[in-house]
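S.K.: kindly return the folded structure for what I paste below:
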Amino acid sequence: MIITVTLNAAIDKTLAVPNFRLGRRHRAVDQTSMAGGKGVNVARVLKALGQPVIATGVAGGATGTRIIEQLTGEAILNDFVRIHEESRMSTAVVDPTSGEQTEINERGPEVSAAELELFVDKLFYLAQGAAICVFSGSLPPGVEPDLYARLVEE
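M.R.: Residues are numbered from 1 along each chain as shown. From the prediction side, this is the model:
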């Protein structure tokens, strides 16, 4: 089993906006949204390659529920710790005419010490049956930047 860790999961929304220019009003001609974050995306690729994978991390609010539901709908095994604050949204505006893309990423939720401890306990439990653990993506605000390194050492 491969574990993917996403501590700042998101719903990635993409808007197709021809001739996009800042400071103007536009209408999107197409839009998509899907569960995202680097670890979630790694889990999606591993699943497509037929590898056994479980996605974990933290998810909160209605956005967190959507992330979990979408992964479940894609038959990606997942086990996220529910947190109090809302998970983030990321929006990409793609100009199909020029091919340019502009991304706006929310910073993400604050994760309390108690919520982070629940996640660490869950990760160590899941790691007992794992061959590989992939840590990827940004950390939420307030989480110490060396967290991934400390988890690997433990």
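S.K.: neighbours of residue 3, how many?
M.R.: If you count neighbours by other Cβ atoms under 10 Å, residue 3 ends up with 23. (Each C-beta comes from the backbone N, C-alpha and C, glycine too.)
S.K.: tell me which residues of whichever strand or helix holds it are tucked away?
M.R.: Residue 3 is part of strand 2-6, with elements assigned from DSSP states H and E. Residues of strand 2-6 classed as buried: 2-6 (neighbour count, 16 or more other Cβ atoms under 10 Å).
S.K.: packing partners of it?
M.R.: helix 38-48, strand 53-60, helix 113-127, strand 132-135 (3 or more Cβ pairs under 8 Å, 6 or more residues apart in numbering; DSSP states H and E).
S.K.: can we see that at 10 Å?
M.R.: Applying 3 or more Cβ pairs under 10 Å, 6 or more residues apart in numbering; DSSP states H and E, we find strand 2-6 packed against helix 38-48, strand 53-60, strand 77-83, helix 113-127, strand 132-135, helix 147-153.
S.K.: and the gap between residue 14 and residue 106?
M.R.: 15 Å (Cβ to Cβ, to the nearest Å).
S.K.: quick one: which of these two has more around it?
M.R.: Set residue 14 next to residue 106 and count neighbours by other Cβ under 10 Å: residue 14 wins out with 18 against 15.
S.K.: isn't that one right up against residue 28?
M.R.: Yes - checked against Cβ atoms under 10 Å, the pair residue 14 and residue 28 is within contact range at 9.1 Å.
S.K.: quick one: common contacting residues for the two?
M.R.: Common contact partners of residue 14 and residue 28 (Cβ atoms under 10 Å, 6 or more residues apart in numbering): 93-94.
S.K.: tell me the backbone dihedrals of the most far-flung residue of the chain relative to its centre, please.
M.R.: What lies farthest from the middle of the chain is residue 24; by Cα atoms, centre = their mean that is 30.0 Å. Main-chain torsions, residue 24, degrees, to the nearest 10: phi -120, psi 160.
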